[in-house]
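[1] generate a structure from the sequence data that follows.
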Amino acid sequence: MKKILLLLLAVGISYLAQAQEVPQTQSSLIIKKTASWCPPCGGWGWDLFEQLIDDNDSQAILWAMHYSGDLMNATTQGIAANLDGSGQPRFYLNNVEKSGSSTSIRNAIKTGVQQNAGLSPVANAIPVDISVDNNQISVTVNATFFAQAEGAYYLNVYVVEDGVVNYQAGQGANAVHEKVLRDDMAGDAFGEILANGPIAANTSFSMDFSIPIADSWDVNHLRLSTVLWKKVGLKYEFVNGTETSGLVVSTQAPALKGAKLAVSPNPVTGKSLISLDFAVPFSGELVLYDVTGRLLREWELGAQGALGHHTKKLDASLLQDGVYWVQLVSPDGLLAQKIVVQHE
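    Below is the predicted model:
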């Protein structure tokens, strides 16, 4: 039985970010080619992948790509066919294998990620509308080419799961697998064609994707990897991408009773006031999230439980134009208010 879904801790909410700009930053893609039956994948390869996550999680997309074994799927087989080399575990940075000792692989990948982060990207893509309805995730992605380009470019959104409990040789029956590549939304490992031929700088595209939520996925730990590829000959080369986490969270939480939440003015052009009214004592958090699920701000409400009327100030001067969520979250329920930041 699939769990009831909650998007950004608000039941039944889809959120929009059409005003949010596609980030003009360069990311990297780190792939661990692995298999659940492979002892070295659960030995030195297991330890190395944990180190790579610690080193690079903020600047790279990381996938544990099971091309064989229990966690294999059509997407991982398609990605594996695009990579050089046989056997496992193998480690790749932007499709290029890094070999040698664990230390040399770790250092080479960390250096490469840092170097890539300093580059000016040709293009990038980001989800701007994510919703959950009838056990299906639907996504609208915006892509922008910052520089002139030419060739066949493809776009896809991948479902990645953290904390998958599954057998792993070298780790045992209840190994906790991180960054498991579960599926892709296009139904083809490298997605749908976005553009083919000459592309002018500052050209933007929009594309929709959707996927049913599989019974085997834990919706508490899903993240989305949005990736642009360029097809060169018979190979697909990583161009750029973004990762969105904290989107789909399991919930049995009802709407919060006895509380009111309002933001005025809304849209927010500079400073705004958050008004809170509690008919019963409230013990929980007031938080601000952006559309990627990133926590931006927390406000103290008092350890003994708030009661009556309260106000908090929201300064949006450091926020980009776009959509955000202010939320009251407690063990008894939750309440969310969408705000639009629109600087004059």
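[2] from here on, just use CA atoms for contacts and neighbour counts.
    Fine.
[3] measure Trp37 to Ser204 for me?
    43 Å (Cα to Cα, to the nearest Å).
[4] quickly list what Leu62 is bridged to.
    Ile30 (DSSP bridges).
[5] now Asp129
    Leu16, Thr140.
[6] count of residues packed around it?
    With neighbours defined by other Cα atoms under 10 Å, the count for Asp129 comes to 17.
[7] surely it meets Val139?
    Yes - assessed by Cα atoms under 8 Å, Asp129 is found in contact with Val139 at 5.5 Å.
[8] leaving out the residues flanking it, which one is nearest to Lys313?
    Nearest residue to Lys313, sequence neighbours excluded (Cα to Cα, 6 or more residues apart in numbering): Leu273, at 4.9 Å.
[9] which pLDDT value goes with that neighbour?
    Per-residue pLDDT puts Leu273 at 93.
[10] contacting residues for it?
    Leu273 is in contact with Val263, Ser264, Pro265, Thr311, Lys312, Lys313, Leu314, counting by Cα atoms under 8 Å, 6 or more residues apart in numbering.
[11] on the three-state scheme, the closest residue to Leu286 other than its chain neighbours is what?
    Setting aside the residues directly before and after it, Leu286 is nearest to Leu328 in space (Cα to Cα, 6+ apart), at 4.7 Å. Put simply, Leu328 is strand when judged by DSSP: H, G, I helix; E, B strand; the rest coil.
[12] can you give me the distance of Leu328 to Ala186?
    Going from Leu328 to Ala186 by Cα to Cα gives 35 Å.
[13] more neighbours, these two?
    Per other Cα under 10 Å, whichever of Leu328 and Ala186 has more neighbours is Leu328, with 24 against 18.
[14] is it correct that that one is in contact with Leu288?
    No - counting by Cα under 8 Å, Leu328 sits too far from Leu288 to count as a contact (9.2 Å).
[15] quick one: stretch 91-111 to chain centroid distance?
    When C-alpha coordinates are averaged (Cα atoms, centre = their mean, to the nearest Å), stretch 91-111 and its chain have centres 23 Å apart.
[16] that one: end-to-end distance?
    14 Å.
[17] per-residue pLDDT, the residue sitting nearest the centre point of the chain?
    Centroid-nearest residue in the chain, with Cα atoms, centre = their mean: Thr244, separated by 1.8 Å. Here the pLDDT value assigned to Thr244 is 86.
[18] repeat for Val341
    86.
[19] so what's it up against?
    For Val341, the contact set (Cα under 8 Å, 6+ apart) comprises Asn266, Pro267, Val268, Thr269, Ala316, Leu319, Gln320, Asp321, Gly322, Val323, Tyr324.
[20] quick one: least confident of those residues?
    Comparing these by pLDDT, Val323 comes last, at 75.
[21] neighbours of that one, how many?
    Counted with other Cα under 10 Å, the neighbours of Val323 add up to 22.
[22] can you check Val219 too?
    By other Cα under 10 Å, the residues close to Val219 number 23.
[23] any idea how far it lies from Glu298?
    In terms of Cα to Cα, Val219 sits 24 Å off from Glu298.
[24] any chance of the contacts of Val341 in TSV, plus distance to Met72?
    Formatted as TSV, the contacts of Val341 follow (distance: Cα to Cα, whole Å):
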residue	distance to Met72
Asn266	47
Pro267	46
Val268	46
Thr269	48
Ala316	44
Leu319	41
Gln320	39
Asp321	40
Gly322	38
Val323	36
Tyr324	36
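[25] centre of the chain to stretch 51-67, how far?
    12 Å.
[26] should've said stretch 195-209
    22 Å.
[27] other residues contacting that stretch?
    Applying Cα under 8 Å, 6+ apart, the contact partners of stretch 195-209 are 138-154, 157, 185-186, 194.
[28] can you select the buried ones among the residues you listed for me in ChimeraX?
    Those of those that count as buried under 16 or more other Cα atoms under 10 Å are selected in ChimeraX with:
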select :138,139,140,141,142,143,144,145,146,149,152,153,154,157,185,186,194
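[29] among the contacts of stretch 195-209, which are located in helices?
    Of the positions in these, not one sits in helices, assigned by DSSP state H.
[30] pLDDT weak spots in the protein?
    Within the chain, the ranges that satisfy pLDDT under 70 run 1-20, 132-134, 220, 246-255, 291-293, 302-305.
[31] quick check: beta-bridge partners of Gly333?
    On the basis of DSSP bridges, Gly333 is bridged to Ser330.
[32] right, I'll leave it there.
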